[in-house]
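In: what follows is a protein structure lacking sequence information:
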């Protein structure tokens, strides 16, 4: 049996299928973590940001353009969250 496409999983997840979203997490957790780790250089921070990325993605899945690729989008969400966190941690001069 062929693995479901990202598009198919997204459509199912939009209808409330938690298993479908779980499969998206499984597919992209390593690449999302890698983005976060490369930006923060801290494992625990990267893990927190990766989890936050998937929470954010889940809440905004309805606005995702199904014609686009999911991988670049989820990694961009991760990068934006990392940038926001790093900016908030930067000392005010």
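Out: Perfect, thanks for sending it. Note that the structure is a prediction, hence the values are computed from the model and not measured.

In: so which elements touch the longest helix along the chain?
Out: The longest helix of the chain (DSSP state H) is helix 18-40. Helix 18-40 is packed against helix 6-14, helix 43-59, helix 70-89, with contacts defined by 3 or more C-beta pairs under 8 Å, 6 or more residues apart in numbering; DSSP states H and E. The C-beta positions use only the backbone N, C-alpha and C, and glycine is treated the same way.

In: what lies in contact with the longest one?
Out: Under the contact criterion C-beta atoms under 8 Å, 6 or more residues apart in numbering, helix 70-89 has outside partners 6-7, 10, 24, 28, 31-32, 35-36, 39-40, 45, 49-50, 52-54, 56-57, 60, 64.

In: just the buried ones from these?
Out: 6, 10, 24, 28, 32, 35-36, 39-40, 45, 49-50, 52-54, 57, 64 (16 or more other C-beta atoms under 10 Å).

In: let me know the pLDDT of residue 93.
Out: Looking at residue 93, its pLDDT stands at 70.

In: sorry, back to before: adding mean pLDDT and distance to residue 20, write the helices and strands packed on helix 18-40 out as TSV.
Out: Listed next are the helices and strands packed on helix 18-40 as TSV, based on pLDDT from 0 to 100; distance: least, C-beta to C-beta, whole Å:
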stretch	mean pLDDT	distance to residue 20
helix 6-14	97	4
helix 43-59	98	11
helix 70-89	96	12
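
In: what is the rounded mean pLDDT of stretch 30-39?
Out: Here stretch 30-39 scores 99 as its mean pLDDT.

In: from residue 50, how far out is the residue of the chain most remote from its centre?
Out: Distance from the C-alpha centroid of the chain peaks at residue 93, with 31.9 Å (C-alpha atoms, centre = their mean). As defined by C-beta to C-beta, to the nearest Å, residue 93 lies at a distance of 30 Å from residue 50.
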